[in-house]
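In: Just need the structure, nothing else, for what follows:
(one chain, ligands or ions: 1)
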Amino acid sequence: MPWDELKAKRWPAFDKELDGISKQTMEDHFKLYEGYAKKANQCRGILKDFDYGEIEGNQVYSELRATAVDYTFALLGFKNHDLYFGHLGGQGGDASGRFAELIDAEYPGGLDMWQKSIRKSASSARGWVMVGYDLNDGSIFNYIMDTQNLWAVYNMVPVLALDVYEHAYARDFGATPDGRKEYVEAFFRNLDWDHVNRQLAQAEAAREGAQRVGAEEQVPTA
Ligand SMILES: [Fe+2]
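Out: Residues are numbered from 1 along each chain as shown. As a prediction, this is how the structure comes out:
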């Protein structure tokens, strides 16, 4: 368990004037992000210290079960916000670069279809919409997540994280479906597509690396 201490970062977005998303929302939101880092660290500490020879294993309730399950809530609360704040503070506009290229190839209706899809996904999710790149087949999809640790799939690398919990928009736009829609538009006006494309480049490199290693392992040796 070589776990490092997680720490919430003061991403550049916190020092910028965002279009539509207030400083107060950002600061309140930072406290949540900090809280997730703290709780994930606390869970790691508990999980390291358990005496696994003695501890009760019980599927209804056990300290191990409670800590391990809630650890994923805390850890993904940290990770999701890390990406969310990391890619705010940009110039917005339409999707660009490799991301736009992949989306255009992936969706039968191209970029226009994706732009409509992510907006409707944002109205359909209770917590997050995560645009993720699949390391197995290189596909990209808008995953609807009702909490930060629900319904993401294995080997999906998040490249764009849209927080639609009410805390992200209620102060600035009102806690209504229309308020959420206005917030989603503000989110896209402030998105840094270069950050999204850097995430995607890392994911594509990881997939290429894994395929290369896989191919080498299958070459018969003399
Ligand atoms: Fe959030």
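
In: was I right about Trp114 contacting Tyr107?
Out: Yes: if you go by Cβ atoms under 8 Å, Trp114 and Tyr107 touch, sitting 4.8 Å apart. Placement of C-beta: from N, CA and C, glycine included.

In: Compare these two and say which is more crowded by neighbours.
Out: Higher neighbour count among Trp114 and Tyr107: Trp114, with 23 against 18, using other Cβ atoms under 10 Å.

In: can you pull the contacts of that one?
Out: Listed by Cβ atoms under 8 Å, 6 or more residues apart in numbering, the contact partners of Trp114 are Ala95, Ile103, Glu106, Tyr107, Asn142.

In: wouldn't Gly20 be in contact with Val184 here?
Out: No: counting by Cβ under 8 Å, Gly20 sits too far from Val184 to count as a contact (10.4 Å).

In: Just send the contacts of Trp114 back as a markdown table, with pLDDT too.
Out: Supplementary listing: the contacts of Trp114 in a markdown table, determined by pLDDT from 0 to 100:
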| residue | pLDDT |
| --- | --- |
| Ala95 | 96 |
| Ile103 | 97 |
| Glu106 | 94 |
| Tyr107 | 96 |
| Asn142 | 97 |
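
In: Mind telling me which residue of this protein is nearest the ion?
Out: The minimum distance from the chain to the ion, using Cβ to the ion, falls at Asp163 (4.2 Å).

In: which ones are touching the spatially closest residue to that residue that is not a sequence neighbour?
Out: Spatial nearest neighbour of Asp163, chain neighbours left out: Tyr84 (5.1 Å); criterion: Cβ to Cβ, 6 or more residues apart in numbering. The contact partners of Tyr84, by Cβ under 8 Å, 6+ apart, come to Ala161, Leu162, Asp163.

In: Where does pLDDT dip in the chain?
Out: For the chain, the stretches with pLDDT under 70 are 219-222.

In: For it, which residues are neighbours of the ion?
Out: Contact residues (Cβ under 5 Å from the ion) of the chain with the ion: Asp163, Tyr165.

In: one step back: so for Gly20 and Val184, which sits in the more crowded spot?
Out: Per other Cβ under 10 Å, whichever of Gly20 and Val184 has more neighbours is Val184, with 21 against 15.

In: What helix or strand is the more buried one located in?
Out: If you go by DSSP states H and E, Val184 is part of helix 177-189.

In: Need the residues that contact that helix.
Out: Contact with helix 177-189 is made by 18-21, 88, 92, 119, 122-123, 162, 164, 168-170, 172-173, as judged by Cβ under 8 Å, 6+ apart.

In: Inside strands: which ones of the contacts of Tyr84?
Out: Secondary-structure check on the contacts of Tyr84 using DSSP state E: residues within strands are Ala161, Leu162, Asp163.

In: Dump the residues you listed to JSON lines, plus neighbour count.
Out: Putting these into JSON lines (neighbours: other Cβ atoms under 10 Å) gives the following:
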{"residue": "Ala161", "neighbour count": "24"}
{"residue": "Leu162", "neighbour count": "25"}
{"residue": "Asp163", "neighbour count": "26"}
